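Trainee: turn this into a structure:
(chains A, B, C and D)
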2 protein chains.
Amino acid sequence: MVTDNPRGERMPTLEMVAARAGVSRATVSRVVNDSPKVTPEVVQIVNDAIAALNYVPNRAARSLASRRTQVIALVVPESTARLFADPFLASIVQGVALRLSETDYTLNMLIASESRPEKTRRYLMGGNVDGAIVVSHHRGDHSYAHLGQALPIVFGGRPLNDLDDESYFVDVENELGAQRITDYLIASGRKRIATIAGPQDMPPGVDRLAGWRSAMRANALDDSLIEIGDFSPASGAEAMRRLLDRGEPFDGLFAANDQMAAGAYSVIHEAGLTIPGDIAVGGFDDDYYAATSTPGLTTVHQPSSRLGGTMAEVLVKLIEGEEVERVTMMPTELVVRNSI
Amino acid sequence: MVTDNPRGERMPTLEMVAARAGVSRATVSRVVNDSPKVTPEVVQIVNDAIAALNYVPNRAARSLASRRTQVIALVVPESTARLFADPFLASIVQGVALRLSETDYTLNMLIASESRPEKTRRYLMGGNVDGAIVVSHHRGDHSYAHLGQALPIVFGGRPLNDLDDESYFVDVENELGAQRITDYLIASGRKRIATIAGPQDMPPGVDRLAGWRSAMRANALDDSLIEIGDFSPASGAEAMRRLLDRGEPFDGLFAANDQMAAGAYSVIHEAGLTIPGDIAVGGFDDDYYAATSTPGLTTVHQPSSRLGGTMAEVLVKLIEGEEVERVTMMPTELVVRNSI
DNA sequence: TTGAAAGCGCTAACAG
DNA sequence: CTGTTAGCGCTTTCAA
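Mentor: Reported below is the predicted structural model:
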């Protein structure tokens, strides 16, 4: 007895197409897979039959026979996923999905439970996917790096530990971007510029601070006004308070991301100071907040959606055996609004 | 000749487990699928063999044989996906993914190209998934409704056209939420309350306006101060300007979403008015902006992540043949900050 | 309770 | 260029 699918319907099979077209199943398979060695007329006949029957190849069967799944996993660590709708992450996912929708690959989004890491590991290694994209919120977490030998993997962001030179990753030019906006602050005439840096155990935190510092030093300006936050608005606010409490006057601020800039904004306003009059503020990310704040935040645009798209692209090449650079850097762009 | 997988490795098969455990493949299959009729000892032996070999069942083979895929599609219309990192959508996706990660279903996220709708349709109907979740940014777009007869589908948001009483959907209590925050504005002593409504061709736009209106009428207040926006910050700013230009004074405002409230904020500030001193402002969504704005926006919390989780839950029940209500409403919650 | 056997729908040598 | 022939790894009757 043949079991029908859950909806009780039979789907047309390749065999039925073959029968209708009067050719062998192999030929139909060739047509479906765009094999070059099939006569145009036959292609035509087969395609007609396919259209008539409304035939759709069965992925499972295809995958079983070809030993390829045409599935790409997008791995998001649970802690990352729980972050309250992180816009950066969302854009990346969007970029991956959009790019992949143009290919024959299917996107399998999976949340990596941190309490049961083997579950994810097994899934990835169980032959269920052709490759994986791993994104972890800014963390440079390459804990899946060791799987890279067995499965093509592309990471978002450079690894935290630079010794890891085996994994493929796509990153943003954090340092250069930070340097550029700091230069812009300087060009606007500011001389005393503070920074609210990100966590120093996250690559973007480190790199953006480095960018600020190198711009300051290149212009022989004091680079001691540093406070650290954790990329959250609240931490930005606190860092801003500490900065003001130092009692050393300053007229410029570079926040390592827009959310911290948002926190700083509120403290600056509370203190009765104006932006950019008293303090010019620069951010990083160009997220949702940057555009809606008052005054609009001058910031560094991070191509998060393109970042996702590029990760997808790199992975597909990797899967298909093409040559790819281990490191792909995405350029940033200065977005001038009204805060500097 | 046998072709190996892309990485050139052989994965352990059920057959190998059977051999090692000294039982038949059928028995191993039963153990893997928790069949009740297997002797505990045998289960033990088989599980040991599975562990020893690090066996992971092959999804494709399983799906081919059982005619079930264990895959759920999350369909996002392209136009929705392109929205600049919509935080609402992101939370929903997150909720779906988190909920599904606890089940044996796998999440297949797919962008529905609007230029080639058949591609998505064929994919869904091609036996590639066991069910689908369709989210479209606020639109109540049930254009896949007709597929509902052939494939279990759950929609996010009620349909635009109420005649559609065949599809399953999960929605938020928009009207009640709007009514509640309007009541709160009234309770704060405001008498002249305007609203910036959402598009009247989107269910949430309609429902939130209705909620505002019913609260106003119940309190015998004038409900004529209405301007329409499109849920974007810019449209909120424009609507606010039109409201001010009317010359009719008002001391309260309900914006149908936080983004429009954000736009209104900037116009209010530009006009030299204070919040909540001159105008108290209420929003809807409790998105990222609401928490970071100055003053913090009092708004209606939308359980977007739980919404996603619930959609996943409903779909799984539907797939597994359990009874489910066609309509599931999620409650909202008033979040009090400093704008009222 | 367990095993044997027959596919699920497709791809991929190999022949012709 | 096309057809024949084996499977891919698993589930599922049916018999034992």
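Trainee: which non-adjacent residue is nearest the residue sitting nearest the centre point of chain A?
Mentor: By C-alpha atoms, centre = their mean, chain A has its centre lying nearest to residue A:92, at 3.5 Å. The shortest distance from residue A:92 to any non-neighbouring residue, by C-beta to C-beta, 6 or more residues apart in numbering or on different chains, is to residue A:308 (3.9 Å). The C-beta positions use only the backbone N, C-alpha and C, and glycine is treated the same way.
Trainee: residue contacts, the one you found?
Mentor: A:91, A:92, A:93, A:94, A:95, A:96, A:97, A:98, A:99, A:135, A:156 (C-beta atoms under 8 Å, 6 or more residues apart in numbering or on different chains).
Trainee: helices and strands of chain A: which one has the lowest mean pLDDT?
Mentor: In chain A, the helix or strand scored least confidently by mean pLDDT, DSSP states H and E is helix A:78-82, which has a mean of 69.
Trainee: hang on, residue A:310 packs against residue A:325?
Mentor: No: Residue A:310 lies out of contact with residue A:325 (C-beta atoms under 8 Å); the separation is 11.1 Å.
Trainee: these two - which one has more neighbours?
Mentor: Per other C-beta atoms under 10 Å in any protein chain shown, whichever of residue A:310 and residue A:325 has more neighbours is residue A:310, with 22 against 11.
Trainee: please give the centre-to-centre distance between the strand or helix carrying that one and its chain.
Mentor: Assessed by DSSP states H and E, residue A:310 sits inside helix A:304-319. Helix A:304-319 sits 9 Å away from the centroid of its parent chain (C-alpha atoms, centre = their mean, to the nearest Å).
Trainee: following element in sequence after that helix, please.
Mentor: strand A:327-330.
Trainee: the following helix or strand past that next one packs against which elements?
Mentor: Note on strand A:327-330: by DSSP H and E, the next helix or strand toward the C-terminus is strand A:333-335. In terms of contacts (3 or more C-beta pairs under 8 Å, 6 or more residues apart in numbering or on different chains; DSSP states H and E), strand A:333-335 is packed against helix A:174-187, strand A:299-301.
Trainee: hmm, who's touching strand A:333-335?
Mentor: Counting by C-beta under 8 Å, 6+ apart, A:177, A:180, A:181, A:184, A:286, A:290, A:298, A:299, A:300, A:301, A:303 sit against strand A:333-335.
Trainee: quick check: buried residues in that strand?
Mentor: Within strand A:333-335, the residues scored as buried using 16 or more other C-beta atoms under 10 Å in any protein chain shown are A:334, A:335.
Trainee: what's the answer for stretch A:43-58, then?
Mentor: So stretch A:43-58, judged by 16+ other C-beta under 10 Å, has buried residues A:45, A:46, A:47, A:49, A:50, A:53, A:55, A:56, A:57, A:58.
Trainee: can I take it that the first one is in a strand?
Mentor: No: the assignment for residue A:45 by DSSP: H, G, I helix; E, B strand; the rest coil gives helix, which leaves it out of any strand.
Trainee: quick one: contacts for it?
Mentor: Contacts for residue A:45 (C-beta under 8 Å, 6+ apart) come out as A:21, A:22, A:23.
Trainee: top of the contacts of residue A:308 by neighbour count?
Mentor: Of all the contacts of residue A:308, the most densely surrounded is residue A:92 (31 neighbours; neighbours counted as other C-beta under 10 Å).
Trainee: any idea of the mean pLDDT for the helix or strand encompassing that one?
Mentor: According to DSSP H and E, residue A:92 maps onto helix A:87-100. Averaging pLDDT along helix A:87-100 gives 87.
Trainee: how far does it sit from the chain's center?
Mentor: 6 Å.
Trainee: taking helix A:87-100 as reference, get the angle to the very next helix or strand once past that helix.
Mentor: Sequence-wise, the next helix or strand downstream of helix A:87-100 (DSSP H and E) is strand A:106-112. In terms of direction (axes from the mean of the first three to the mean of the last three C-alpha atoms, to 10 degrees), strand A:106-112 departs from helix A:87-100 by 150 degrees.
Trainee: is chain B contacted by the helix or strand just after strand A:106-112?
Mentor: As assigned by DSSP H and E, the chain's next helix or strand after strand A:106-112 is helix A:117-125. Yes: judged by C-beta under 8 Å from any C-beta of the partner chain, helix A:117-125 and chain B are in contact via A:122, A:123, A:125.
Trainee: just those now: which is nearest residue A:251?
Mentor: Distances from residue A:251 to the residues of helix A:117-125 next to chain B, taken as C-beta to C-beta, are shortest for residue A:123 (52.9 Å).
Trainee: you'd agree the closest one is up against residue A:110?
Mentor: Yes: assessed by C-beta under 8 Å, residue A:123 is found in contact with residue A:110 at 6.8 Å.
Trainee: any common contacting residues for these two?
Mentor: Common contact partners of residue A:123 and residue A:110 (C-beta under 8 Å, 6+ apart): residue A:73.
Trainee: tell me who's in contact with the nearest residue to residue A:29 once chain neighbours are set aside.
Mentor: Computed as C-beta to C-beta, 6+ apart, the closest residue to residue A:29 that is not its neighbour in sequence is residue A:14, at 6.3 Å. Listed by C-beta under 8 Å, 6+ apart, the contact set of residue A:14 reads A:25, A:28, A:29, A:32, A:55, A:57.
Trainee: so which of these belong to helices?
Mentor: Those of the contacts of residue A:14 mapping onto helices are A:25, A:28, A:29, A:32, per DSSP state H.
Trainee: state the distance from residue A:29 to residue A:62.
Mentor: Look at residue A:29 and residue A:62: by C-beta to C-beta, to the nearest Å, they are 9 Å apart.
Trainee: quick one, the one helix or strand residue A:260 maps to and helix A:87-100 angle?
Mentor: Assigned by DSSP H and E, residue A:260 belongs to helix A:258-270. Helix A:258-270 and helix A:87-100 are oriented at 150 degrees to each other (the same axes, to 10 degrees).
Trainee: quick one: is whichever helix or strand comes after helix A:258-270 near chain B?
Mentor: Next helix or strand after helix A:258-270 toward the C-terminus (DSSP H and E): strand A:280-282. No: in terms of C-beta under 8 Å from any C-beta, no part of strand A:280-282 sits within range of chain B; the closest distance is 13.6 Å.
Trainee: tell me what the next helix or strand after strand A:280-282 is packed against?
Mentor: Under the assignment DSSP H and E, the closest C-terminal helix or strand after strand A:280-282 is helix A:288-292. Helix A:288-292 is packed against helix A:258-270, helix B:258-270, helix B:288-292, with contacts defined by 3+ C-beta pairs under 8 Å, 6+ apart.
Trainee: got a markdown table for the ones you listed, with mean pLDDT, mean neighbour count and distance to DNA strand C too?
Mentor: Shown next, in a markdown table, are the helices and strands packed on helix A:288-292 (pLDDT from 0 to 100; neighbours: other C-beta atoms under 10 Å in any protein chain shown; distance: least, C-beta to the nearest atom of the strand, whole Å):
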| stretch | mean pLDDT | mean neighbour count | distance to DNA strand C |
| --- | --- | --- | --- |
| helix A:258-270 | 92 | 25 | 47 |
| helix B:258-270 | 92 | 25 | 45 |
| helix B:288-292 | 78 | 24 | 44 |
